[in-house]
Each structure stands twice: as C-alpha cells, then as structure tokens.
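1. Could you work out the structure for the sequence below:
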Amino acid sequence: MPLTVKDKLARYRKPDTRKLMDVERSGVRVVQANSVAIDTISPTQFRTYLTNAEAGDIAAQAELFEKMEERDIVLDSHLRTRRRGVLACEWEIQPGEDSAQAVRIADEAQGMFDAIPGLDVALEHSLSAVGMGFAVLEILWDMSARQWQVVGLDDIPQRWFTVNEDGDELRIRDNTQYGAEMPSLNFCEFRSRARSGFLARTALLRSCVRPYIIRQYGWRDWVRLNELVGTPTRIGRLREGVGLDEDEAQELYRAVQAIGHDFAAVLRAGNDIEFVSPSGVSVHSDMYAELIKLARLEMTLGILGQTLTSGGEEGGSYALGEVHEHVRWDLVDSDAAGVSGAWDREILQPWCALNHGPDAPAPQMVIHCQQPEDQRAIAESIARALNDIGLPISTDWVYERLHIPKPGDADPVLVRMPEAAGAEAANETSSNGVGTVVANQVEGPASDRDSFAIPPQEAMDWWAEKRVVTADEAEGLSPAMRQRAFWITGVDDPDLLLSVGRLVGMGLASGWTQARFREAVRELGVVPKPDEAPGPNQIPAGQANLVFRQNTFAALAAGRYIQMARSADTRPGWQYLTAGDEAVRPAHRALDKVIKPLADPFWDKHYPPWEWACRCTVVSLSLDEMEAEGLAYADDAELAARWESAQHTTFPAEFEERFQEITPLYRERARRGEKLQLPPSNPKWEFSRRDAFFLEAEGGAPITDRAQTEWAALVERPAIGTVEKETAE
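-> Numbering: from 1, shown residues only. Sure thing, here's the model as predicted:
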C-alpha cells in the first residue's frame, strides 16, 4: 500500500535536496547496459528473462522491453500513440476544495509547475509505465527561498530498479540482493497494471513478446528468402575434356561463386556460366508477409485496444495528432487518471504538506480528456428530435454541444433559405450560390465574412480534379501535391480507387455521414462484412472513416481558399478566427483575429485545418472594413504577444485583455532587435496552399518548380471527375 503524506513525513521528515540518482555516485547503476543482446536472443532466452523477472530480476526484463521498443518501429509507434493520447490533452492544477486557501495553494502549485523545465518530457516518461508496468521520476527539491519547491523531475530508467522480497516494493539497485530503499519524498512512482499480480507480471509489454518474436523472425526469414530467390542460380559448364578434379574446374567454380557478389568473372575459352531464374516462390513470400501482418495486428490490439491504424501504414492522408481516433477511449481516460493521481500523491500532496501543513487542502492535477464527438451525428439527432418528435430543446445546450459560439444581439447570423425561394433567389442573395443567406446583414453585398455554406461548388470542382494514384506513388509526392492526389493504402486496383473517390465526392455533395459512406464502400466490396477480416484491396471500417473524413475536410478547406483567393484584389485581408470557446488550444487561440494577406507565408503553416480536430476558419476583409474597425496586418511583435497571452489564459476575454496589455512591451522588444517567440506550427501540415488549392479548369497551376514538375506528371493519371448528388429513391 502506498504511504500517506503523514506517513512519509513521519518516516523521512523532509526531502533530500541532493540528486540521489546521480550516475557518478550510483555504482552499478549505469545508463548503458549490455546484458540483453536482442539481435541474437532466442525465444528460449526471452522466456528466461520473463521467468527471472517473476523471481525478482526485473532489470533485465526492463532492458529487454527498452530494446524491443527501440528495434520494432510498429511497437514504438503504437506505444507513442498510446502515450500521446494523454499528452494531447490539456491539463491544469485545480484547488483541492472550494476555499480561498485552496485556490491560493493551487495558484502557487501552477506557478511552480510552469517553471519546471522539461515538464512534458517528465510526463511522457511517467506514461512509459503503460508498457513497462511502472515508471519513476526523481523529484529535485530546492529550499533556497525558505520554501520547499520542486525544481526538476528527472526520468530514471526502469532497469535501475529491483523489487523487495515481497515482489512488489520497488527499490534502487545496488550490490545487495534486494537493493536500497527508495525515499518516497524524493521519487514519483506511477504504476500501470495491464493485469493483476506481482509488479513483474503487470507490464503490458509482456503480452507483446510473442508478436515481437514472430515479427523479428518473420522479417529475418523473409529477407533471407528474398536474398535466396532474388539471385539467379549459376551453373558452370566446363569445356569438353576437362575433368572435375583439375585446376581449371576449380577456377570455374570460384568464378561462379564470385559472380554472385562481384558481378564479374574470367573464364577460359569454351567454359560457360548459365543463369537460372527462380520461380514458384510467391506462396512462401506471402506466407511470411501474412505472418508478420497477423503479429502486428495482435500487437496493435494489445496496446491500443483496437485494430485501427495508428500511422501511415493504412488509410488516407492524416496527421499524427489524430491519436484519439486510434486508442480506445477508455484506455486514454484510464492512463490520464492514473498518471495524474500518481503526481497528486507523490508530488503535490507532499509539497503542500511541507509548505502549508499536513491538513492543508492539497491541489490536484486534472487532465482534461474530452472524447471527440461526431458533430454531424449530434446535429442530425437534434434535427430528428425537433422535427420528428417536436421535442423542445434548449438553444444554449445546442450551442454548447456543437461548439458554436452563441451570437450577440448585434452579430450578423446565417439563417436557412426558405425552400420557396428556389435556387435562383438563393444565387441572388448569397455570395456563393448555395442557398445560404445572411440575417442582420449590414447594407451592401453579402461578404465572405458572414456568408458561406458547405460545401461550396469550388470544393466539388477541386475534388473532381484529384488524380488517382497508388499509395507507393503518393509516397514520393510533395505534401502539396499529395493534396491533389487520391489514394488508399491497401487498395491498389485503379478502378476501385476511382470508384471510392467518386463515392467520397457524392458523400461530400450529399452531406453523408461516415456510416453512410462505410455502407457505400462496403457495397462496393472495399470494406469487408463486419465479421470478416480485410482481404486484398479491402480496408477496415475504421480506415474507411478516415478516408472519408480527411478527404472531405481537405476539399472544404480548398473550396474556401479558392473562393477567397478570387476576391483577393477587393478583399485582401484574410482573418483567422477560432471557435471562440475554452476548448481552443493555445497555439490556435494565439492566432484568433490575426490578419495576413493571401501571399503571406503565414498561411502555408496556419491555414486551417492545420492540426487534427482544428475548428478554426478564415474570412476575408476589404480595406474599407479593416479601416472602419481599426484593423491592421499582424507583425511578429503582435504574434509573439498573442502567443505569450495564449499560454497563460483560457477564456477569450482573459486572452484579449492580456494581449492588449503586453503588446507594447513586445513592440519595444522588436524595436531593440530581440528574438521573439512566435506561435508554433505543425510541420506535418506545412505546404504551399497556392500549390495545392487551385482549379485547373480556371487556368490555375502550382507556383513552385517542384510542384509544377509533379503536377505535369500527375495530370496524366485518371481524374475523379464531376460527381452528382445522391438522388432520393
């Protein structure tokens, strides 16, 4: 049982301010260990390491797990995805109770945590317990300001620990059988139990040993098979009259051997070498490939709790930030609750007791894991409840669930076009001709700021120009040209790819849900029946969701960009807008209301969506509107002030107040030539939007040399073509 704070203070009285795990003083504990030679280890030795761990030798097992993660890219990717399921969440320090004292203590703790260097690295190390079973941080204390402060959290390798004779208490490895006691005030221990039992048996990676072995041996044998069958058999033919025991026969044999490596040989006249190509080996090659695939699926299921893809192995183009789509949600929630509870128990509670007394309300670390919601499904449910049942619904609740900011009394709003008006009237009152009109609109023509609908025709036209390629061909394209291509990893049949591309277009035009798209591609044979595994040219249902969602998002972003680019001469100011609520991430909040012109490189990094689940948008402004509202293009000083404000505020009003207050300070720093910290971008989403978002039918083309070269080759591939809306039966 973990010690309570009072027990810890009674036993240790105060923390040690020295670095206890200093390598120079740690004797046998070294950073590098070579006891596990994983390249030559046999399955029997794997079993020995696991059995010895159950007997108390957990160091070798920990090192084995480290090297498994290091050598297997799939295992490493899945574990990082599992950890980032928590790291992607926002966290904060909250008061332990509703009192002024608790709020003050929580503010102190938040300030202390903000000053700890490498806090995200420490949190990620704590989450390594998911695979290893446990993780330990050394807490570095400081008392120089007459108050106990945590000034650092050092990650300690799991191989530096052993267990007591009870098989459960962690201790520091030394020259004794059960190691040295681990002072609990100086260490933060987090345990993640994949199963019950002693500490050595709780590690999730124990379940991954078998698929790891299969994958490693499968790869090794597959490579050997390819080496064997990839080189033609060489047959040397001696000239007539030469015996096999003569020197000339030996010379010919050495020449036959050497030609497999040196690709050169010298023969006497009359001698000959025949090359025989192998045949009938595809069955053996497919067997190894299938074995490796099954082991990967087993590993994926064990770590992520489901067999959706976790990277670029299968599925369309998407970013790593989509971790919550690939980790079963209850695992993310459990990991977050476990690590925050450990930090509460091992760091915040002792810190509070040392500075404010053992009975003071200790603050808590809260990790906000907000499960992603299908906004379209929610909207459809609201519409059915309202129209079919007549159920009264609170508008405040609808705004909250759909993450839409509630408009003020003077704000222009969008309203549904009455059906009687018809398409002709819609085109006269809407800037995009798709039936959306503006209520409370200021006098004058409808503007991009207030009037836009989904999907614009430009999105459909852009989608029609997409070219169908294979996954291997897409891999060699630049990020911008990948936006112009359509492919699906796992589907190589060009006719099927073209058919799926047209279904995406029909779904985009008809407002399909992901479920409707899955049904359509299942009818096409691309998605197997629910109780069947995917076969050749088939993908899992979860991958189909990704294909539909990511490609429709890309089309909508392109359509919006093309619309605004057309009117850039009269509406040159492009303004970035967030969803305006507390869920907006700091890097996005920093850009709220930023204005930049179309040609600014800013949009190559920040044109939304530029991260997973980005809800931001861009509107265009005329110079008259900018002048009337006192707006101007943002410079680096403004961006730096916004980023500093976004990191320390949550609510829009707080952000705006702080930003206005510190902007003059950043302008002065810029004047002095100081380097300013600008809002971060996502490298995986950086590409020239002008290379990617154009309409060939209107004479558009890429602007960079590489994209122009790639597009010239890409246009030779089949285009998806114009797709009509689904017709009602």
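
2. Only C-alpha atoms from now on, for both contacts and neighbour counts.
-> Fine.

3. Give me the residues contacting stretch 623-634.
-> Outside stretch 623-634, the residues that touch it by C-alpha atoms under 8 Å, 6 or more residues apart in numbering are 570-573, 594-597.

4. List the buried residues for the helix or strand containing E63?
-> Taking DSSP states H and E as the definition, one finds E63 inside helix 58-71. Residues of helix 58-71 classed as buried by neighbour count (16 or more other C-alpha atoms under 10 Å): 58-66, 68-69.

5. for stretch 598-608, same thing?
-> Of the residues in stretch 598-608, 598, 603-608 count as buried by neighbour count, 16+ other C-alpha under 10 Å.

6. Where does the prediction get shaky in the stretch 201-350 of the chain?
-> The model of the stretch 201-350 of the chain has pLDDT under 70 over residues 218-233, 260-267, 273-292, 295-296, 300, 302, 305-329.

7. got the residue ranges for the helices in it?
-> In the stretch 201-350 of the chain, the helices defined using DSSP state H, counting those that start in this stretch lie at 209-230, 247-259, 282-304, 329-343, 349-356.

8. which parts of the last one are buried?
-> This points to helix 349-356. For helix 349-356, the neighbour count (16+ other C-alpha under 10 Å) marks 349-354 as buried.

9. Now flag whichever of those is closest to A459.
-> Q349 (54.1 Å; C-alpha to C-alpha).

10. gap between the closest one and Q149?
-> Taking C-alpha to C-alpha, to the nearest Å as the measure, Q349 and Q149 are separated by 12 Å.

11. what does R345 give?
-> R345 is 16 Å from Q149, by C-alpha to C-alpha.

12. do the same with K596
-> K596 sits 43 Å away from Q149, taking C-alpha to C-alpha as the criterion.

13. Tell me how many other residues surround the nearest residue to E240 once chain neighbours are set aside.
-> If the residues on either side of it in the chain are set aside, E240 comes closest to G270, at 7.9 Å by C-alpha to C-alpha, 6 or more residues apart in numbering. Around G270 there are 9 other residues, counting by other C-alpha atoms under 10 Å.

14. repeat for D472
-> If we define neighbours as other C-alpha under 10 Å, then D472 has 12 of them.

15. need the contact list for it.
-> Contact criterion C-alpha under 8 Å, 6+ apart gives no residues in contact with D472.

16. Please report how far it lies from A485.
-> Per C-alpha to C-alpha, D472 is found 12 Å from A485.

17. any shared contact partners between the two?
-> Residues touching both D472 and A485 (C-alpha under 8 Å, 6+ apart): none.

18. Does V618 belong to a helix, a strand or coil?
-> With DSSP: H, G, I helix; E, B strand; the rest coil as the basis, the three-state label of V618 is strand.

19. thought it was touching Q575?
-> Yes - in this structure, V618 is within contact of Q575 by C-alpha atoms under 8 Å, at 5.5 Å.

20. remind me which residues of the stretch 401-550 of the chain are low pLDDT?
-> Checking the stretch 401-550 of the chain against pLDDT under 70 turns up 403, 408-454.

21. tell me the helices in it, going along the chain?
-> Using DSSP H, counting those that start in this stretch, the helices found in the stretch 401-550 of the chain span residues 422-429, 457-464, 471-475, 479-482, 494-510, 514-524, 541-566.

22. Could you export those as TSV, including distance to L244?
-> Listed next are these as TSV, based on distance: least, C-alpha to C-alpha, whole Å:
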stretch	distance to L244
helix 422-429	91
helix 457-464	69
helix 471-475	49
helix 479-482	60
helix 494-510	55
helix 514-524	63
helix 541-566	61
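
23. which of the ones you listed sits most buried?
-> Ranked by mean neighbour count, those are led by helix 457-464 with a mean of 23 (mean count of other C-alpha atoms under 10 Å).

24. okay, the angle between that one and helix 494-510?
-> Calculated by axes from the mean of the first three to the mean of the last three C-alpha atoms, to 10 degrees, helix 457-464 forms an angle of 170 degrees with helix 494-510.

25. measure the residue nearest to V5 when sequence neighbours are not counted to I116 for me?
-> Counting by C-alpha to C-alpha, 6+ apart, P350 is the residue found nearest to V5 once chain neighbours are left out, at 5.9 Å. Going from P350 to I116 by C-alpha to C-alpha gives 17 Å.

26. Quick check: the residue of the chain most remote from its centre vs D272, distance?
-> Most distant residue from the mean C-alpha position of the chain: G241, 70.4 Å away (C-alpha atoms, centre = their mean). Counting by C-alpha to C-alpha, the gap from G241 to D272 is 14 Å.

27. about what we covered before: okay, the buried residues of helix 58-71 in TSV with pLDDT and distance to G721 next?
-> Shown next, in TSV, are these (pLDDT from 0 to 100; distance: C-alpha to C-alpha, whole Å):
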residue	pLDDT	distance to G721
I58	85	60
A59	83	60
A60	82	59
Q61	84	56
A62	84	55
E63	83	54
L64	82	53
F65	83	50
E66	83	50
M68	82	47
E69	82	45
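
28. show me the contacts for the closest residue to G133 other than its chain neighbours.
-> Once flanking residues are discounted, G133 sits nearest to A203: 3.8 Å by C-alpha to C-alpha, 6+ apart. A203 makes contact with 129-134, 192-195 under the criterion C-alpha under 8 Å, 6+ apart.

29. Adding neighbour count and secondary structure, write these out as TSV.
-> Below are the contacts of A203 laid out as TSV (neighbours: other C-alpha atoms under 10 Å; DSSP: H, G, I helix; E, B strand; the rest coil):
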residue	neighbour count	secondary structure
A129	25	helix
V130	27	helix
G131	26	helix
M132	26	helix
G133	24	coil
F134	23	strand
S192	23	coil
R193	20	coil
A194	20	coil
R195	12	coil
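
30. Lowest-confidence entry in these?
-> Among these, R195 carries the lowest pLDDT, at 74.

31. which non-adjacent residue is nearest it?
-> R195's closest residue in space is T202 (C-alpha to C-alpha, 6+ apart), at 5.0 Å.

32. Likewise for R484?
-> Residue nearest to R484 in three dimensions, not counting chain neighbours: K466, with 5.1 Å by C-alpha to C-alpha, 6+ apart.

33. Would you list the phi and psi of that neighbour?
-> Main-chain dihedrals, K466, degrees, to the nearest 10: phi -60, psi 140.

34. ok, back up a step: go through the helices of the stretch 401-550 of the chain and name the closest to G85.
-> Per C-alpha to C-alpha, nearest to G85 of those: helix 541-566, 17.3 Å.

35. okay, the contacts of stretch 623-634 in JSON lines with neighbour count, distance to L676 and pLDDT next?
-> Shown next, in JSON lines, are the contacts of stretch 623-634 (neighbours: other C-alpha atoms under 10 Å; distance: C-alpha to C-alpha, whole Å; pLDDT from 0 to 100):
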{"residue": "T570", "neighbour count": "13", "distance to L676": "32", "pLDDT": "92"}
{"residue": "R571", "neighbour count": "22", "distance to L676": "30", "pLDDT": "92"}
{"residue": "P572", "neighbour count": "20", "distance to L676": "26", "pLDDT": "94"}
{"residue": "G573", "neighbour count": "24", "distance to L676": "24", "pLDDT": "94"}
{"residue": "V594", "neighbour count": "20", "distance to L676": "17", "pLDDT": "95"}
{"residue": "I595", "neighbour count": "24", "distance to L676": "19", "pLDDT": "96"}
{"residue": "K596", "neighbour count": "20", "distance to L676": "18", "pLDDT": "95"}
{"residue": "P597", "neighbour count": "18", "distance to L676": "21", "pLDDT": "94"}
